[in-house]
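Enquirer: sequence isn't available, so here's the structure alone:
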């Protein structure tokens, strides 16, 4: 994407994206497929909601946005898809504001969007949501750009074979399936050729990559192949990984390849062994601590983020304190805190629940610990040189994914800069060229 070539968009189609990076990528595929189906030609336009189901709050926010969109766009056709639509289609079918509900597989196909009455088809049901577990493959959907983004996302995997007791996502995404290595490399090559300096690999359970492919290549081999075959990609980043599944080749490339960004977001979820067992996780507390120490030895500039749930069923104060302590013991910087949210149909929803006020209080304490760790991280970067990818005017991110204010460059450009300080939430930096002058 060059400075003088704005990203093309079908003005009659708006896509509202909730949730993960995979949804962001899929929204671009949806925009293209909906345009091919002719949705951009509708007199009132079309608004597509790509929802998230990770928490009850995410579903509530989606419904709120749908109602607001209907009030503000009475003539528009509203389509709802994504994980919340896949796991609870009737919730959206029951909304008068919604014209069509599509499943996660259907949303990626142009013919699904032709079910709207404007196309002269009135025999379809309002919901078109098939059994996601019947899907055996993940196709490579090529995109040329990501709307409004300085970095591009590439899907390498979808679905999950694990059944963590708190998680509804496998019921929205189906079983794990991988995009063939060659197709991933071609997609990265295409985006790098279109001017994207940074590409983020995304998936639901990325470290399970390749188990369903011939020869069972692991994620590390895929990353190596991308970096070897796409020399034009300046920065390659991984989205969330499960540290217990990280393979030796992945650790090798983390240690040796500077184009792989020194930032890993870990799916830890808790710091207490009994809680982890009740979550049906595949790691224990010491596994997480050991992994972070080993990666930090291999790549001293590594920055860790993590997902942690506060107030999981049966969690005592002592168990919760172990989750608080693991922030420091693992050296976590970017913390995503989730107050436990019971999802209907999951085993954890049937376990003895922690009182909601306790859940909220623990989440607040965990966030406070995370914020203190993040401030220490900001302070440690004072005076250092950083490569900053500009996301929008005056704002970018370092290689370690730390937010930085900098008055230089255009979105998508990488600027070499010196950190002069921070305001508690982001770094303040000046370009090296300006510093020298």
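Expert: That came in fine, so what should we check first? What you are looking at is a predicted structure, and each value in this text was computed from that prediction instead of being measured. Numbers count the residues shown, from 1 in each chain.
Enquirer: quick one, what contacts residue 154?
Expert: With contact set as CB atoms under 8 Å, 6 or more residues apart in numbering, residue 154 has these partners: 25, 184, 187, 188, 191, 199, 200, 201, 202. Any C-beta I mention is one placed from the backbone N, CA and C, and that applies to glycine too.
Enquirer: how many residues are close by the residue nearest to it when sequence neighbours are not counted?
Expert: The spatially closest residue to residue 154, leaving aside those adjacent along the chain, is residue 187, at 5.1 Å (CB to CB, 6 or more residues apart in numbering). Residues lying near residue 187 (other CB atoms under 10 Å) number 25.
Enquirer: so which helix or strand takes in residue 187?
Expert: For residue 187, the element it lies in under DSSP states H and E is helix 181-193.
Enquirer: quick one: residue 81 is in a strand?
Expert: Yes: according to DSSP: H, G, I helix; E, B strand; the rest coil, residue 81 belongs to a strand.
Enquirer: quickly list what it is bridged to.
Expert: residue 50 (DSSP bridges).
Enquirer: need the pLDDT of the residue nearest to residue 154.
Expert: Here, the pLDDT recorded for residue 187 equals 90.
Enquirer: quickly note the distance from it to residue 25.
Expert: Per CB to CB, to the nearest Å, residue 187 is found 10 Å from residue 25.
Enquirer: longest helix anywhere in this protein?
Expert: Using DSSP state H, we find that the single longest helix of the chain is helix 356-380.
Enquirer: mind giving me the packing neighbours of that helix?
Expert: strand 303-310, helix 317-329, strand 332-339, strand 414-422 (3 or more CB pairs under 8 Å, 6 or more residues apart in numbering; DSSP states H and E).
Enquirer: change it to 10 Å
Expert: strand 303-310, helix 317-329, strand 332-339, strand 403-405, strand 414-422, strand 427-431 (3 or more CB pairs under 10 Å, 6 or more residues apart in numbering; DSSP states H and E).
Enquirer: now that helix: buried residues?
Expert: Neighbour-count burial for helix 356-380 flags 358-359, 361-363, 365-367, 369-370, 373-374, 377-378 (criterion: 16 or more other CB atoms under 10 Å).
Enquirer: just checking, next helix/strand downstream of that helix?
Expert: Tracing the chain C-terminally past helix 356-380 and defining elements by DSSP H and E, one meets strand 385-392 next.
Enquirer: please tell me how far the closest residue to residue 313 other than its chain neighbours sits from residue 269.
Expert: Take residue 313 and drop its neighbours on the chain: the residue closest to it by CB to CB, 6+ apart is residue 351, 3.5 Å away. In this structure, residue 351 and residue 269 are 15 Å apart, going by CB to CB.
Enquirer: then residue 109?
Expert: Residue 109 is 34 Å from residue 269, by CB to CB.
Enquirer: repeat that for residue 189.
Expert: 35 Å.
Enquirer: show me which of those two is the more surrounded one.
Expert: For residue 189 versus residue 269, neighbours defined as other CB under 10 Å are more numerous around residue 269 (22 against 17).
Enquirer: so residue 285 makes contact with residue 270?
Expert: Yes: in terms of CB atoms under 10 Å, residue 285 counts as a neighbour of residue 270; the distance is 8.2 Å.
Enquirer: got any residues that touch both of those two?
Expert: Listed as contacting both residue 285 and residue 270 by CB atoms under 10 Å, 6 or more residues apart in numbering are 276, 322, 323, 326.
Enquirer: give me the nearest residue to residue 311, chain neighbours excluded.
Expert: Nearest to residue 311 is residue 359, by CB to CB, 6+ apart, at 3.1 Å.
Enquirer: how near is the one you found to residue 365?
Expert: According to CB to CB, residue 359 and residue 365 sit 11 Å apart.
Enquirer: overlap in contacts, those two.
Expert: When contacts are counted by CB under 10 Å, 6+ apart, residue 359 and residue 365 have 310, 320 as shared neighbours.
Enquirer: let me see the mean pLDDT of stretch 34-46.
Expert: The average pLDDT for stretch 34-46 rounds to 81.
Enquirer: ugh, wrong one, stretch 249-269
Expert: Regarding stretch 249-269, the rounded mean pLDDT is 96.
Enquirer: touching, residue 328 and residue 369? I think so.
Expert: Yes: contact criterion CB under 10 Å: residue 328 and residue 369 qualify, at 7.9 Å.
Enquirer: what about residue 298, how many residues nearby?
Expert: 13.
Enquirer: dump the residue contacts of it.
Expert: Going by CB under 10 Å, 6+ apart, residue 298 touches 251, 252, 254, 255, 256.
Enquirer: top of the residues you listed by neighbour count?
Expert: residue 254 (20 neighbours).
Enquirer: kind regards, and thank you for your time.
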